[in-house]
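>>> following is a predicted model, sequence given first.
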Amino acid sequence: MSRFLSKILRHQPGIIGIEIERVGAWANVNELIEGINSRSRYHIDRAILETIVATDSKGRYSFNENGTKIRANQGHSIDVVLDMEKRTPPEFLYHGTAGKFLESIMEKGLLPGNRQFVHLSPDEATAKTVGYRHSKPDAPIILKIHAGKMVRDGYEFMISDNGVWQIKKVPPQYLEMDINRKDVCNEKV
Ligand code: HQG
């Protein structure tokens, strides 16, 4: 159900016949519940939705202040404007990906693809989990991002409400593949 909610709120609200507000990425809760119940194989009610929002492992969703609207905190492919906080990142961030993408990444840098932003992780363990989504059954490749250097060179980073670092792109000169960390790169998740 949480995955289906992600699909609706980040990528395809039209599949249940609803619209997402461009500014803030909000969906109307009543319309969402009615749309899911009438146009999908799922059944949901307010209590189930509240449980998903409260217990999601990555804090993917939020209600607005009076609980009439809901949104995904990040990860959109549709054109939305989120009031994400600009923040100075730690010296290094991490990105987990699949070996099949490496040549292109090292040539063009990290690009957002279908999403609005490139997502970066604060630690290698998180990056490993993210990368494994694309690399399995092979182990992911972990790239170290020289985020501090990027800031000193004028790049701005944002962080979503659920703690995912975001940026429009990471040029290749700020990427490093730490070949010494075989324990990270060669193990399966
Ligand atoms: C790769 C999950 C070729 C990139 C996670 C990635 C994350 C390139 C894939 C969130 C490239 C895009 C996002 C280039 C980047 N050439 N490939 N130049 N630049 N790529 O799924 O970062 O569970 O859109 O390395 O936790 O994997 O959904 O991005 O492998 O935060 O909440 O293109 O999704 O969150 O894949 O994952 P994605 P991602 P949720």
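Structure received.
>>> all contacts plus neighbour counts: C-alpha atoms, from now on.
OK.
>>> which residue ranges form the helices in this structure?
For the chain, the helices defined by DSSP state H occupy 2-6, 29-39, 46-55, 99-108, 124-135, 147-152, 182-185.
>>> ok, residues contacting the first one?
By that I understand helix 2-6. Applying Cα atoms under 8 Å, 6 or more residues apart in numbering, the contact partners of helix 2-6 are Ile52, Asp56, Ala72.
>>> residues in contact with the last one?
Neighbour list for Ala72: Ser6, Leu9, Arg10, Ala25, Arg60, Tyr61, Ser62 [criterion: Cα under 8 Å, 6+ apart].
>>> could you check the pLDDT of Arg181?
Listed pLDDT for Arg181 reads 51.
>>> actually Met177, sorry about that
Predicted confidence (pLDDT) for Met177: 89.
>>> how many neighbours does it have?
The burial count assigned to Met177 is 16, neighbours taken as other Cα atoms under 10 Å.
>>> next one: Gly24 from the ligand, what distance?
Per Cα to the nearest ligand atom, to the nearest Å, Gly24 is found 17 Å from the ligand.
>>> who's in contact with that residue?
Arg71, Val80, Val81, Leu82, Asp83.
>>> just the buried members of those?
Arg71, Val80, Leu82 (16 or more other Cα atoms under 10 Å).
>>> just those: which are in strands?
With strands taken from DSSP state E, the overlap with the buried ones among the contacts of Gly24 comprises Arg71.
>>> pLDDT added to the buried ones among the contacts of Gly24, as JSON lines?
JSON lines is the format used below for those (pLDDT from 0 to 100):
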{"residue": "Arg71", "pLDDT": "97"}
{"residue": "Val80", "pLDDT": "96"}
{"residue": "Leu82", "pLDDT": "92"}
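>>> ok, so of the buried ones among the contacts of Gly24, who is nearest Gly163?
Nearest to Gly163, judged by Cα to Cα, of these is Leu82 at 13.8 Å.
>>> backbone dihedrals for the residue nearest to that closest one when sequence neighbours are not counted, please?
Nearest residue to Leu82, sequence neighbours excluded (Cα to Cα, 6 or more residues apart in numbering): Gly24, at 5.0 Å. Gly24 adopts backbone torsions of phi 100, psi -20, taken as degrees, to the nearest 10.
>>> give me the pLDDT for Gly24.
96.
>>> gap between it and Glu176?
Gly24 sits 34 Å away from Glu176, going by Cα to Cα, to the nearest Å.
>>> I appreciate the help and will end here.
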